[in-house]
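Participant: test case, fold it:
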Amino acid sequence: MIFLRNVLRARVRSLMTAVGIASGVALFAAIGAITSDLQSQIDGAAASYRAEIVISERRATSPMSSRVAGPLMERLMAEFGDDLSPMLIGTLNEPWNPYALLVGADPRFVRRIPLVRGEPFAAGQPEMLVGEIGAQRLSLGPGQTLQVGGRDYRITGVYRTGSRFFDSGLLTELPEARRLLARDGTASHYTLAALHVAGTRPPDEVIRQLNAAYPTLRAVQGAELSGSLRLIRIVRAFVGTISVIAIFGTCVVLSNTLMMAVAERTREIGILMTVGWTPWMVLRMLLAESLLLCAVGALLGDALAIAILHAVNRLPSVGFGWIPVDLSWSQVGQSLLMALGVALLSLLGPALVVTRLQPLAALRHE
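Facilitator: So this is what the prediction gives:
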């Protein structure tokens, strides 16, 4: 256990190194969790609503930026009938939530969503359903009122889809959602449409026909919606860049610590070499120290990432349900793999020094 003794010899430096590693791991894990969660929330919402196919504007970067013209949606409704559910999705800046999610849907779509308590809203009335997370954050229940867009709406029920993204929002009928989301009060577009084709035709066949017949629209399987969005690809590239920066910074911190350890223990390393230690044995000792520091840093980093996610999720300016509050086991595994990569990469500098070190020169080192 000589490597453990070496780490404890410079406790303050080892602690600061572990904290530096934890900072890099926390940044890597937190950003990765937000990105993965965004994808799973989008795909999970489509599955929750039994939407085998989602139809949106082809050039849209995200579901909420999609704009499907009213006449085009009417053509789709005439073709698919009750299997097609047009939707309008957007956000409102309200005093109680600066990014309040609002979904407008037809009655067929609303009936697919299970209610935790209460009952569906009545058409033509100032009524809404609220998601389970939104109900908890706002302390709302059936029979209470919520002011949206300067008007009081009666909450008739609380729904749960299993998608935190949608369970933080509000659900109302299409005309009311259009009135609330239209800045000039005249908008007639839709955001997207959910198509339920199970048991009728193969989804792939329907998707090919839709994409050929409607060149301005994009039809994809609901479970693959996030992969088709340009926004997700941009976010992935951003996360990749941040991850590289985090890994590089962490490598610099750990490599500096190991180089200092080699410099301080040069004479000791020379003694070990005179009694039979090879450069590889010295590097193996440094690798054990590096792995120990990275393991501690990874555990601290995962805990710090969870704390960051909880803190950000509670910020009023972020809104409800947009930020995950924990890490999946796969994300914990990725953070450990990152730490392992850092431990190996950080040995490049010390390895170059140790392999060139001569025992006699090391013994004369002051």
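Participant: just the pLDDT for V332.
Facilitator: Per-residue pLDDT puts V332 at 90.
Participant: my error: substitute L225 in the last question.
Facilitator: pLDDT recorded at L225 is 64.
Participant: the one 4 residues further on now?
Facilitator: Looking at L229, its pLDDT is 62.
Participant: now do the buried residues in the host helix or strand of A100.
Facilitator: According to DSSP states H and E, A100 maps onto strand 97-105. Residues of strand 97-105 classed as buried by neighbour count (16 or more other C-beta atoms under 10 Å): 97, 99-105. (Glycine included, C-beta is placed from N, CA and C.)
Participant: any chance of TSV for those residues, columns pLDDT?
Facilitator: Shown next, in TSV, are these (pLDDT from 0 to 100):
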residue	pLDDT
N97	86
Y99	85
A100	88
L101	89
L102	92
V103	90
G104	91
A105	88
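Participant: pLDDT weak spots in the stretch 151-300 of the chain?
Facilitator: For the stretch 151-300 of the chain, applying pLDDT under 70 flags the ranges 183-188, 198-200, 223-232.
Participant: what pairs with the strand ranked longest in the chain, parallel or antiparallel?
Facilitator: If each strand of the chain is counted by residues according to DSSP state E, the longest one is strand 84-94. If you go by DSSP bridges, strand 84-94 pairs up with strand 97-105 (antiparallel), strand 192-195 (antiparallel).
Participant: gap between it and the chain center?
Facilitator: Relative to its chain's centre, strand 84-94 lies at 21 Å (C-alpha atoms, centre = their mean, to the nearest Å).
Participant: what residues does that strand touch?
Facilitator: The contact list for strand 84-94 (C-beta atoms under 8 Å, 6 or more residues apart in numbering) reads 49, 51, 63-64, 68, 73, 76-77, 99-106, 108-109, 147-149, 174, 177-178, 180-181, 189-196, 319.
Participant: where exactly do the helices run in this protein?
Facilitator: Here the chain has its helices, by DSSP state H, at 2-9, 11-48, 70-80, 107-111, 132-138, 164-167, 174-181, 203-213, 230-264, 266-274, 279-313, 329-345, 348-356, 359-363.
Participant: out of those, deepest packed?
Facilitator: Mean neighbour count, computed with mean count of other C-beta atoms under 10 Å, is highest for helix 164-167 among the helices of the chain, reaching a mean of 24.
Participant: please name every helix or strand in contact with that helix.
Facilitator: Counting contacts by 3 or more C-beta pairs under 8 Å, 6 or more residues apart in numbering; DSSP states H and E, helix 164-167 is packed against helix 11-48, strand 97-105, helix 132-138.
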